[in-house]
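Undergrad: after the sequence you'll find the predicted model.
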Amino acid sequence: MALKAIGLNCSLKGSGKEPSSTDKMIALIASELAGRGVECTGTVRVADLNVKPGVTSDEGEGDDWPDLRRRILAHDILIFGTPVWLGQMSSLAKRVLERMDAFLSETDERGRMPSYSKVAVLAVVGNEDGAHGISAHVYQGLNDTGWTIPAGAVSYWVGEAMGKTDFQDLPQVPEKVSQAAAMAASNAAHLARLLKDEAYPGVSN
């Protein structure tokens, strides 16, 4: 059975507004995954949805998280994309991690969260420093909520401090960024296949 990947764009921009550099970075990783036999079903722009604040899997009427949660968990690989804002991940990225906190109490009979045996990689862009710090925080949040992080699990680009150039405006993708995306995709696809063939066993209660 083929692997499937989904992109999650935590940009603060809705899809009807200006283009997103985060989309471009997610697409770069998705392209590398596709070249390794992974079906990439598209990218969800979180700003288009009403993901309510909270730490449960359903925060009531009007909450779009339950459907987004279902879509995410129907895939083997998550491309988690966030811009850099004030040196940190976006508020929407933080909200997604907070909603995934519910996974801790949604374990199966062997103690496995819904995200167990699924792989996540990061796509980070911004015009200021912060990619390493964001990676560290997102890795921890994803790992806490059951995702598996492969080696070299991030592709990022940060421009000159206080500069005005966006990743999407570059005439070509820098070689190091392309290499990072290729490695993240290669490792993610490899690990996801291993886990699909033999999922984490968990522990008996």
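TA: Thanks, I have the structure now.
Undergrad: and the strands in this protein?
TA: Along the chain, the stretches classed as strands by DSSP state E are 3-9, 38-45, 77-83, 119-126, 154-158.
Undergrad: could you dump those into JSON lines with mean pLDDT and mean neighbour count added?
TA: All C-beta atoms are positioned from the backbone trio N, CA, C, and that covers glycine. Below are these laid out as JSON lines (pLDDT from 0 to 100; neighbours: other CB atoms under 10 Å):
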{"stretch": "strand 3-9", "mean pLDDT": "98", "mean neighbour count": "23"}
{"stretch": "strand 38-45", "mean pLDDT": "97", "mean neighbour count": "18"}
{"stretch": "strand 77-83", "mean pLDDT": "98", "mean neighbour count": "28"}
{"stretch": "strand 119-126", "mean pLDDT": "97", "mean neighbour count": "27"}
{"stretch": "strand 154-158", "mean pLDDT": "97", "mean neighbour count": "23"}
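Undergrad: turn the ones you listed into a markdown table, columns for distance to R71.
TA: Below are these laid out as a markdown table (distance: least, CB to CB, whole Å):
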| stretch | distance to R71 |
| --- | --- |
| strand 3-9 | 7 |
| strand 38-45 | 7 |
| strand 77-83 | 10 |
| strand 119-126 | 15 |
| strand 154-158 | 22 |
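Undergrad: for Y200, which of these is the nearest?
TA: strand 119-126 (11.8 Å; CB to CB).
Undergrad: I'd like to know which elements the closest one is packed against.
TA: helix 21-34, strand 77-83, helix 131-144, strand 154-158, helix 175-197 (3 or more CB pairs under 8 Å, 6 or more residues apart in numbering; DSSP states H and E).
Undergrad: winner for burial among those?
TA: Among these, strand 77-83 has the highest mean neighbour count (mean count of other CB atoms under 10 Å), at a mean of 28.
Undergrad: give me the beta-bridge partners of the residue nearest the centre of the chain?
TA: When the chain is reduced to its mean C-alpha position, the closest residue under CA atoms, centre = their mean turns out to be F80, at 1.2 Å. Beta-bridge pairing of F80 under DSSP bridges involves L8, L122.
Undergrad: so who does the nearest residue to V177 once chain neighbours are set aside touch?
TA: Excluding its sequence neighbours, the residue lying closest to V177 (CB to CB, 6 or more residues apart in numbering) is W157, at 5.2 Å. Residues counted as contacts of W157 (CB atoms under 8 Å, 6 or more residues apart in numbering) are 21, 25, 124-126, 131, 167, 170, 174, 177.
Undergrad: wait, what's in contact with the residue nearest to the centre of the chain?
TA: 8, 10, 93, 96, 120-123, 138, 142.
Undergrad: mind doing that once more with 6 Å?
TA: 8, 120, 122 (CB atoms under 6 Å, 6 or more residues apart in numbering).
Undergrad: for V203, same thing?
TA: With CB under 6 Å, 6+ apart, V203 has these contacts: G111.
Undergrad: hmm, 7 Å instead?
TA: Residues near V203 by CB atoms under 7 Å, 6 or more residues apart in numbering: 110-111.
Undergrad: again with G133
TA: Contacts of G133 by CB under 7 Å, 6+ apart are G87.
Undergrad: and it, how far is that from Q88?
TA: Distance of G133 to Q88, given as CB to CB, to the nearest Å: 7 Å.
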